[in-house]
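[1] I would like to see how this sequence folds:
(chains A, B, C and D, ligands or ions: 6)
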Amino acid sequence: MVTKEQIIKWLKLAANVMQENKEWLTQLDAAVGDGEHGINMARGFQKVSSHLPSVADEDIGSILKSTGAILLSAIGGAGGVIFGTFFIEAGKVTSGRQELGSVDIAAFLKAGLSGVIKRGGAQVGDKTMVDALAPAVTAFDRSLEDGADTTEALGQAVAAAQVGMTETTHLVAKKGRASYLGERSIGHQDPGATSLYLILKALYDAV
Amino acid sequence: MVTKEQIIKWLKLAANVMQENKEWLTQLDAAVGDGEHGINMARGFQKVSSHLPSVADEDIGSILKSTGAILLSAIGGAGGVIFGTFFIEAGKVTSGRQELGSVDIAAFLKAGLSGVIKRGGAQVGDKTMVDALAPAVTAFDRSLEDGADTTEALGQAVAAAQVGMTETTHLVAKKGRASYLGERSIGHQDPGATSLYLILKALYDAV
Amino acid sequence: MKKLLNKPEDFVRESLEGVALAHSDTVKAHFEPNFLYRADAPVSSKVAIISGGGSGHEPMHIGFVGKGMLDAACPGEVFTSPTPDQILEAAKLVHRGKGVLSIVKNYSGDVMNFQMAGELLSSEEFRFINVLIDDDVGVKGGLSTQGRRGVGTTVFAEKICGAAAEDGYSLDDLVTLCRRVNLSGRSMGVALSSCTVPASGVPTFELGDSEMEVGIGIHGEQGRERMPMMNADSITELLSLSITEDPAYKRSLPEWDEGTCTWIDRKVTSQPFKPGDRVLAFVNGMGGTPLAELYVVYRKLFEICREKGLEIVRSLVGNYITSLEMQGCFITLLKTDDELTRLWDLPVKTPSLRWGI
Amino acid sequence: MKKLLNKPEDFVRESLEGVALAHSDTVKAHFEPNFLYRADAPVSSKVAIISGGGSGHEPMHIGFVGKGMLDAACPGEVFTSPTPDQILEAAKLVHRGKGVLSIVKNYSGDVMNFQMAGELLSSEEFRFINVLIDDDVGVKGGLSTQGRRGVGTTVFAEKICGAAAEDGYSLDDLVTLCRRVNLSGRSMGVALSSCTVPASGVPTFELGDSEMEVGIGIHGEQGRERMPMMNADSITELLSLSITEDPAYKRSLPEWDEGTCTWIDRKVTSQPFKPGDRVLAFVNGMGGTPLAELYVVYRKLFEICREKGLEIVRSLVGNYITSLEMQGCFITLLKTDDELTRLWDLPVKTPSLRWGI
Ligand SMILES: Nc1ncnc2c1ncn2[C@@H]1O[C@H](COP(=O)(O)OP(=O)(O)O)[C@@H](O)[C@H]1O
Ligand SMILES: Nc1ncnc2c1ncn2[C@@H]1O[C@H](COP(=O)(O)OP(=O)(O)O)[C@@H](O)[C@H]1O
Ligand SMILES: [Mg+2]
Ligand SMILES: [Mg+2]
Ligand SMILES: [Mg+2]
Ligand SMILES: [Mg+2]
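    Ligands and ions are numbered 1, 2, ... in the order given. Here you go, the predicted model:
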């Protein structure tokens, strides 16, 4: 069971993690993009974090949706829409809930992934955050099937996201700004995939 | 006696010397001015040099006057007017001459100096080319009084110009662009004084 | 980082305030969400035109707000597409029932944010249509990527559609016109230096003293290729030939579908330039390149166009689409005709483009 | 050195060619000697106005040639005053018997070259009068030096006198007007980076990452003082206070004497700014500073002027007087009145300043 307090803890943690990794994420974006991903993500999550007290009484779905809405209007760029969409879609399938079972977590990860794919059209292998998110979703489901509990399954998901994130290094970007670099994008890890990994890791750390 | 051929040799030599010292003069100007003195002087004397064949039949006065006119229209800036005026005035007092005695040289240096002072209003001590030219004129006169011949007197003039040039280093600029720097102009040798020294040195080398 | 700014996080806002103060007869600023709009908005009896994109490209777009061009511009953070709420609020403020044309540069972030704005506006009573600009021939392999980016043609589209809106064109006619302008223009750029995002404080990329980046975008992103530095004529040749020799460019370009409020891919083609074409020529500086150098480029561009049989009928030379303090330039050529040239010539009064008024 | 140029020695000429090609409806170029002049010159029934100075400051002056501003501009080599023959030939080409007003920035090179041109023109049948601009408060100890340099007020003088000439002012009235404009303006500038003269290839000075040069000129010469880098608000305060707190500036300023064809020192005074003054405000970029930063400066300037009781009635923000690719800015304030403001507002059509036409 993941409680609402843990969800709130997650989002606070994510804000800290984004702040701590701001420069790294920005450097990753400078290599293949326009050098502001970390700055924007940190700003967005900072705003989410400072907004949390005012939504503490609401259900998990509302909290996730308002998180998505804040990211959407505070980040901008591809990152803002993609991460905003992830949380909005996750919020939709957790509407009214005060706590989430492992099946709910599976559902919200899946909803987030399919929302992102629908919004951005990226497939696995296009060198985007989808390359970290999709394997995480799969790993989470598989762990549950193997009888793991939520925490264990989240641990597997984070591990898969990390692998996915690392492997973006070897890909040629097909979506997003990095795609303009063509072959030159090889050798650089995708900043969005890195953010996604950090966010999932924060969820694991919070529960 | 300084012959017309020696005057022509002087101007060619001056063109080479300006070309060779282009960067040094420009660096001196960069320190206290706008960093183009050497470039402009080299361009001007280059034009003088390539124009020499067409005036080879004229008298020394005409050659010096046309040298001044070319410098005036090919250099620009303070340097163009100052060095242009020097040669134009020198040309006026040597009009019609095919060779110059030591008294003629004394006259043309003096005419050049007073033309420059009239044009630019700089006094000795203002950190301009006058600080090299004025002592050179005095030294030339004094050497003649002491019984020196033209070559010896020119040698003394060059030596005096060199001292004057070096001493501009310790002066606060009162005229020209360097004057905007105030006290900050101290410690830097004046580019125009340096050019004047090089030009006089070329005359000495040519005779 | 040597910049005239205070806190990096206040840069966009303070710059916007400055524009509004300096041009108070022409534009007003709105904050939270941020946008700049015509001082006399909403202007009745005309379609409203809005645009937007990351900041750091000034004067684009905020310098193009005013009579005869944009009704509003939505600046995002530096190099960051604006957010849906900016676009939404700007559209709502400037429209007057005749609908809104929204000119969007083809970057995934912009495309998605303007799409979301379009979705959100679908419940409003006025029509809202996004049109994409994708003119950057520096992007290769367009089919396997996001496609070409929107660069110099954007200025032409904003001026020409702005004039047409003033001239009474309907929204549908403006959409057709804007798409036509997009299919008529091509651009290509080069960077001689990188730029520094204020909040980051370090140059986005490093470039050696004798290197240049070719086929760059306008966000400090690197180009397709790093090449040895060349002289102005050779650079101009490289850029202009990429444009004039570009074959027919067929692609699936997202077109806005009002019914579903989403982008639908449509096959479109930009025809290549051919002898006899009349063109509008644009030499754009990236922010750190002085005007005198841009004219050296224009001089060579003029010569090349003449050799290719392209007649330059109007020109624009200056820093209009910048990447902060980057050095370098973009060249844009737009095939024109009587209609486009007439619209280009019509009066415009914005902070950064002005004539006839 | 990363520049868009070919051979350094061709830079001025090629840039001039580019301007003439890009704005062929407005200006024409003359070579050997080099100058740019109105395409419709000589314009009858008006006094001709010319100016000139070193190149590397573009758009000044070549970008200001056209209806309502200059009849001709004489660009010297980079940072090098033009030569007498340029000024002479330009004046002869554009005058139409009503005389020529020549606007000269107070640098020893310019002063002497324009003087020689004036001497040479004394045998011509038309009148030729030089007027100096000396508005740079960055120069201290004016009496023991060449005096203050001419910077931002030059743009105001050229626009205002250009409009007045178009409006029918006589040469004598224009001379009075131009001197009055000069006594009404003050400027002060800062450099965040050096610049590189093309023919030299190395930066004129070195500046540390956290340093700036205050009280600079426009030729890449260093300023009075090197200070630690500050934020935009503090820099703006430093520059504007140097201007607004500058006491009455009494000096002997060379005035052109037509009879003797030479400069004669005259005692003149620029009165200090005082609460209630209306001003034209000008934030000028040095070439490498992007527009967005200049607006951040303008924002603070506006605030300071309001606090000081100075009412900004018109403003100009942009890169108008540059030092090649230098980063930094100049601020200029000009006390105005109904006459000056009206003349400022009159139509102008030049490559780089245009409104009303
Ligand atoms: N179409 C897309 N689908 C999914 N993720 C995307 C897409 N486009 C970009 N991204 C992700 O967004 C990241 C870049 O985000 P950010 O730098 O904030 O935006 P921008 O590229 O607009 O500057 C990329 O690293 C990538 O992971
Ligand atoms: N009024 C003056 N009288 C005499 N020499 C002068 C005067 N003004 C400047 N100079 C000389 O000219 C030199 C600078 O020449 P140059 O760099 O070519 O001109 P500018 O200062 O216009 O860039 C100075 O070093 C100085 O020696
Ligand atoms: Mg980015
Ligand atoms: Mg100099
Ligand atoms: Mg971005
Ligand atoms: Mg000079």
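
[2] For the stretch 151-300 of chain C, which residue gets nearest to chain A?
    C:His219 (3.6 Å; CB to the nearest CB). Heads up, the C-betas are built off the backbone N, CA and C, glycines and all.

[3] pretty sure that residue contacts A:Ala178?
    No - C:His219 is beyond contact range of A:Ala178, at 11.6 Å (criterion: CB atoms under 8 Å).

[4] Could you check which of these two has the larger neighbour count?
    Shown here are C:His219 and A:Ala178; by other CB atoms under 10 Å in any protein chain shown, A:Ala178 has more neighbours (31 against 28).

[5] what about the residue nearest to the more buried one when sequence neighbours are not counted, how many neighbours?
    Leaving aside its chain neighbours, A:Ala178 sits nearest to A:Val32 (3.8 Å; criterion: CB to CB, 6 or more residues apart in numbering or on different chains). Using other CB under 10 Å, A:Val32 is surrounded by 27 other residues.

[6] Kindly report the same for C:Arg186.
    C:Arg186 has 28 nearby residues by other CB under 10 Å.

[7] tell me the contacts of A:Tyr197?
    The contact partners of A:Tyr197, taken as CB atoms under 8 Å, 6 or more residues apart in numbering or on different chains, are A:Ala132, A:Val158, A:Ala161, A:Gln162, A:Gly164, A:Met165.

[8] interface residues of chain A facing chain C?
    Listed as neighbours of chain C in chain A under the rule CB under 8 Å from any CB of the partner chain: A:23, A:26, A:30-36, A:39-40, A:43, A:72-82, A:119-120, A:173-177, A:179-182, A:184.

[9] Among those, which lie within helices?
    Residues of the residues of chain A next to chain C located in helices (DSSP state H): A:23, A:26, A:30-32, A:39-40, A:43, A:72-74, A:77-82, A:119-120.

[10] Of those residues, select the buried ones using a PyMOL command.
    What follows is the PyMOL syntax selecting those of these that are buried according to 16 or more other CB atoms under 10 Å in any protein chain shown:
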select buried, chain A and resi 26+30+31+32+39+40+43+72+73+74+77+78+79+80+81+82+119+120
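
[11] which residues of the stretch 101-250 of chain C score low on pLDDT?
    C:141-144 (pLDDT under 70).

[12] ok, which stretches of it are strands?
    Using DSSP state E, counting those that start in this stretch, the strands of the stretch 101-250 of chain C run over residues C:128-133, C:185-191, C:211-214, C:225-228, C:249-257.

[13] relative orientation of the first one and strand C:185-191 in degrees?
    I take that to be strand C:128-133. If you take axes from the mean of the first three to the mean of the last three CA atoms, to 10 degrees, strand C:128-133 sits at 60 degrees to strand C:185-191.

[14] other SSEs contacting strand C:128-133?
    With contacts taken as 3 or more CB pairs under 8 Å, 6 or more residues apart in numbering or on different chains; DSSP states H and E, strand C:128-133 sits against strand C:100-105, helix C:108-121, helix C:153-166, helix C:171-184, strand C:249-257.

[15] swap the cut-off to 10 Å and go again
    strand C:48-55, helix C:84-94, strand C:100-105, helix C:108-121, helix C:153-166, helix C:171-184, strand C:249-257, strand C:262-270 (3 or more CB pairs under 10 Å, 6 or more residues apart in numbering or on different chains; DSSP states H and E).

[16] Going along the chain, name the strands of chain A.
    For chain A, applying DSSP state E gives strands covering A:2-3, A:99-100.

[17] Given the first one, what are its sheet partners and their directions?
    So the one you mean is strand A:2-3. strand A:99-100 (antiparallel) (DSSP bridges).

[18] average pLDDT across the partner strand?
    Average pLDDT, strand A:99-100: 96.

[19] now what about that strand, what contacts it?
    Under the contact criterion CB atoms under 10 Å, 6 or more residues apart in numbering or on different chains, strand A:99-100 has outside partners A:1-7, A:59-61, A:93-94, A:106-108, A:150, A:207.

[20] tally of neighbours for the residue of the stretch 101-250 of chain C found nearest chain D?
    When scored by CB to the nearest CB, the stretch 101-250 of chain C has C:Leu192 as its residue closest to chain D, at 4.0 Å. Using other CB under 10 Å, C:Leu192 has 23 other residues around it.

[21] right, and it touches C:Thr289 too?
    Yes - using CB atoms under 10 Å, C:Leu192 is in contact with C:Thr289, at 7.3 Å.

[22] now C:Ala165: how far from C:Arg38?
    Separation of C:Ala165 from C:Arg38 (CB to CB, to the nearest Å): 11 Å.

[23] shared neighbours of the two, anything?
    Joint contacts of C:Ala165 and C:Arg38 (CB under 10 Å, 6+ apart) are C:Ala48, C:Met69, C:Leu70, C:Asp71.

[24] Now list the buried members of the residues you listed.
    The buried subset of the shared contacts of C:Ala165 and C:Arg38 (16+ other CB under 10 Å) comprises C:Ala48, C:Met69, C:Leu70, C:Asp71.

[25] Looking at these, which are in strands?
    Using DSSP E, those in strands are C:Ala48.

[26] Tell me which residues touch the residue in chain C that chain B sits nearest to, please.
    Closest approach between chain C and chain B, counting by CB to the nearest CB: C:Ala292, at 15.2 Å. Going by CB under 10 Å, 6+ apart, C:Ala292 touches D:3-5, D:11-12, D:14-16, D:18-19, D:55-59, D:62-63, D:75, D:78, D:198, D:287, D:322, D:324-325.

[27] same thing with C:Leu5?
    Contacts here follow CB under 10 Å, 6+ apart; on that basis C:Leu5 touches C:Phe11, C:Glu14, C:Ser15, C:Pro198, D:Asn231, D:Ala232, D:Asp233, D:Ile235, D:Ala292, D:Glu293, D:Val296, D:Val297.

[28] Would you show me how to pick out the buried ones of the residues you listed in PyMOL?
    Buried members of the contacts of C:Leu5, defined by 16+ other CB under 10 Å, are picked up in PyMOL with:
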select buried, (chain C and resi 11+14+15+198) or (chain D and resi 232+233+235+292+293+296+297)
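
[29] domains of chain C?
    With domains defined by automatic domain parsing, chain C comprises C:11-184+C:251-267+C:345-355, C:187-245+C:274-338.

[30] Can you name the residues of chain A that neighbour ligand 3?
    A:Asp29, A:Gly33, A:Asp34, A:His37 (CB under 5 Å from the ion).

[31] Pull the most distant pair out of the residues you listed.
    A:Asp34 and A:His37 (8.2 Å; CB to CB).

[32] follow-up on the earlier one: sitting in strands, which of the contacts of C:Ala292 do you find?
    Filtering the contacts of C:Ala292 for strands - DSSP E - leaves D:Ser55, D:Pro75, D:Val78.

[33] Up against ligand 1, what does the stretch 51-200 of chain C have?
    Selection of the stretch 51-200 of chain C residues close to ligand 1 by CB under 6 Å from any ligand atom yields C:Ser81, C:Ser108, C:Gly109.

[34] The same query, at a cut-off of 8 Å, please.
    With CB under 8 Å from any ligand atom as the criterion, the stretch 51-200 of chain C meets ligand 1 at residues C:Gly54, C:Phe79, C:Thr80, C:Ser81, C:Tyr107, C:Ser108, C:Gly109, C:Asp110, C:Met112, C:Gln146.

[35] Over to chain A?
    Within chain A, the positions adjacent to ligand 1 are A:28-29, A:32-34, A:36-37, A:40-41, A:75-80, A:82, A:116-117, A:119-122, A:126-131, A:168, A:175-178, A:190-196 by CB under 8 Å from any ligand atom.

[36] Give me the neighbour count for A:Thr169.
    14.

[37] Surely it is in contact with A:Pro191?
    No - using CB under 10 Å as the test, A:Thr169 is too far from A:Pro191 to be in contact (11.7 Å).

[38] From the centroid of chain C, which residue is nearest?
    Residue closest to the average C-alpha location in chain C (CA atoms, centre = their mean): C:Thr154, at 3.2 Å.

[39] so what's the residue lying closest to it once chain neighbours are set aside bridging to?
    Counting by CB to CB, 6+ apart, C:Thr154 lies nearest to C:Ile133, which is 4.9 Å off, once chain neighbours are set aside. C:Ile133 has these beta-bridge partners by DSSP bridges: C:Lys105.
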